[in-house]
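1. Here is a sequence with its predicted model. Questions after.
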Amino acid sequence: VIKNQNELPSKLVEKIIQYSSNTGDKVMDMFLGGCTTARVALQLGRES
């Protein structure tokens, strides 16, 4: 596994997803990088 040097902290991504979407919504990360957004979105009950 390669660690992305510019990866956002999971807690920050979690807050952004919670403020900008509802459970069951689809969350799209067009850059994907280290998959932080996808991982957190799935943990929060969103589709990714």
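-> Perfect, I can see it now. Numbering: from 1, shown residues only.
2. For the residue most central in space within the chain, which three-state class applies?
-> Of all residues in the chain, the one closest to the mean position by C-alpha atoms, centre = their mean is residue 37, 1.6 Å from it. Three-state assignment for residue 37 (DSSP: H, G, I helix; E, B strand; the rest coil): helix.
3. now do residue 19
-> Applying three-state DSSP to residue 19 yields a three-state assignment of helix.
4. now swap in the one 4 residues further on and tell me
-> What three-state DSSP gives for residue 23 is coil.
5. who's in contact with it?
-> With contacts defined as C-beta atoms under 8 Å, 6 or more residues apart in numbering, residue 23 is in contact with 44, 45, 46. (Glycine included, C-beta is placed from N, CA and C.)
6. Could I get the pLDDT score of it?
-> Taken from the predicted model, the pLDDT recorded for residue 23 is 96.
7. Check the gap between residue 26 and residue 33 for me.
-> When distances are taken as C-beta to C-beta, to the nearest Å, residue 26 and residue 33 turn out to be 18 Å apart.
8. The two: which is more packed in?
-> In this comparison of residue 26 against residue 33, neighbours counted by other C-beta atoms under 10 Å, the higher total goes to residue 33 at 13 against 9.
9. Check the gap between the more buried one and residue 42 for me.
-> In this structure, residue 33 and residue 42 are 16 Å apart, going by C-beta to C-beta.
10. which residues does residue 43 contact?
-> residue 14.
11. Kindly provide the distance from it to residue 10.
-> Relative to residue 10, and taking C-beta to C-beta, residue 43 is found at 9 Å.
12. Any regions of this protein where pLDDT drops low?
-> Counting by pLDDT under 70, the chain contains low-confidence residues at 1-4.
13. give the contact list for residue 47.
-> If you count contacts by C-beta under 8 Å, 6+ apart, residue 47 has them with 24, 25, 26, 27, 41.
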